[in-house]
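# Predicted structure and sequence below. I'll ask about it afterward.
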Amino acid sequence: MVIINSNNSSAMSARVLGESTQALQKSLARLSSGSKLNNASDDAAGAAVSLKLDSQISRLNAAKSNVGNAISFSQTQDGYLKKVGTALERMGELAVLSQDTTKSEADVDLYDKEFQKLATFIKDTGTKKFNDVALFSGTAIDVTQNEDGGKYTMHKVDITAGAKYKAIHDGTNSLLDATKRTASLTAVNDAIDQLAADRASIGADQSVLQSISSTMSVLKDNLGAANSRIKDVDVAEESANFARQNILVQSGTAMLAQANALPQSALRLIG
């Protein structure tokens, strides 16, 4: 049947061409952006899951940064405590040397001067800071250990007010008096014991924090892989789809032109 008022072939061709053009545009957007989720309508559920994964990964990165800074803080603490240990070793040596009966009072006085200087050094160490945060305030420091804000409490060290450290630099120790020499040596030994315990605890903190950081790195990699499967485009597969849709658009355009030309055959009958 030859008709003029209706051209169903043209309408159908136009509809199919529109669908093919839309599919081609979507494929082009995916290839140009590298993402399958350029619009929420592309995959509503996938877009929601991907958004949550992106947020979790961002929080993990922040927490990992916090842990890294905490490790640096702890390493700085240990560096200072190592120097305190060297000072205490020398103070113990001086306390023993001062008990040598062959030494004159002038010799002992020189020992005491060095002893007091080292005590002042230890006291001053207690005031050191890391990025304006006190290293040895005696206040526990909580470190964010996961993306949900969980905390890990680091070991606290108080050189200024801690009993065994304070006994070293509170001004009561002296090598000038025989009785005080013995007490001073005892105080030094006690401080060394405390220092050994503190450094062991700080070392344990570093080990735990490094494990936490490593665990977060593994979790981040796994979350990134899962997120990639949801939103990243498979270029090989999408390239094939792009070629298919491109051919459909071209053929659809040609068929629409042919469908639009069909009513013209009626003119031959009229003419």
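Received the coordinates, thanks. Residues are numbered from 1 along each chain as shown.
# so what's the residue lying closest to Ala87 once chain neighbours are set aside up against?
The spatial neighbour of Ala87 that comes closest, neighbours along the chain excluded (C-beta to C-beta, 6 or more residues apart in numbering), is Leu118 at 4.5 Å. For the C-beta atoms, the positions are set from N, CA and C on the backbone; glycine is no exception. Leu118 makes contacts with Ala87, Leu88, Arg90, Met91, Leu94, as judged by C-beta atoms under 8 Å, 6 or more residues apart in numbering.
# check contacts around Leu53.
Here Leu53 is in contact with Leu223, Ala226, Asn227, Ile230 (C-beta under 8 Å, 6+ apart).
# Is the residue nearest to Ala87 within a helix or a strand, and which one?
Assessed by DSSP states H and E, Leu118 sits inside helix 105-125.
# Please tell me how far the residue nearest to Ala87 sits from Thr21.
According to C-beta to C-beta, to the nearest Å, Leu118 stands 83 Å off from Thr21.
# Now do the helices in the protein.
Ranges of helices within the chain are 8-33, 44-97, 105-125, 163-169, 178-231, 235-261, 265-270, based on DSSP state H.
# Just say which of the ones you listed is most tucked in.
helix 163-169 (a mean of 20; mean count of other C-beta atoms under 10 Å).
# what residues does it touch?
So helix 163-169 is contacted by 88, 91, 119-120, 122-123, 126, 158-160, 173, 187-188, 190-191, 193-194 (C-beta under 8 Å, 6+ apart).
# now do stretch 141-155
56, 59-60, 62-63, 66-67, 70, 73-74, 133, 140, 156, 198, 201-202, 204-205, 208-209, 212, 216.
# what does stretch 173-187 give?
Outside stretch 173-187, the residues touching it (C-beta under 8 Å, 6+ apart) are 91-92, 94-96, 98-99, 108-109, 111-112, 115-116, 119, 164, 167-168, 172.
# quick one, what contacts Ser239?
Leu31.
# do you know how far it is from Ser32?
Ser239 is 12 Å from Ser32, by C-beta to C-beta.
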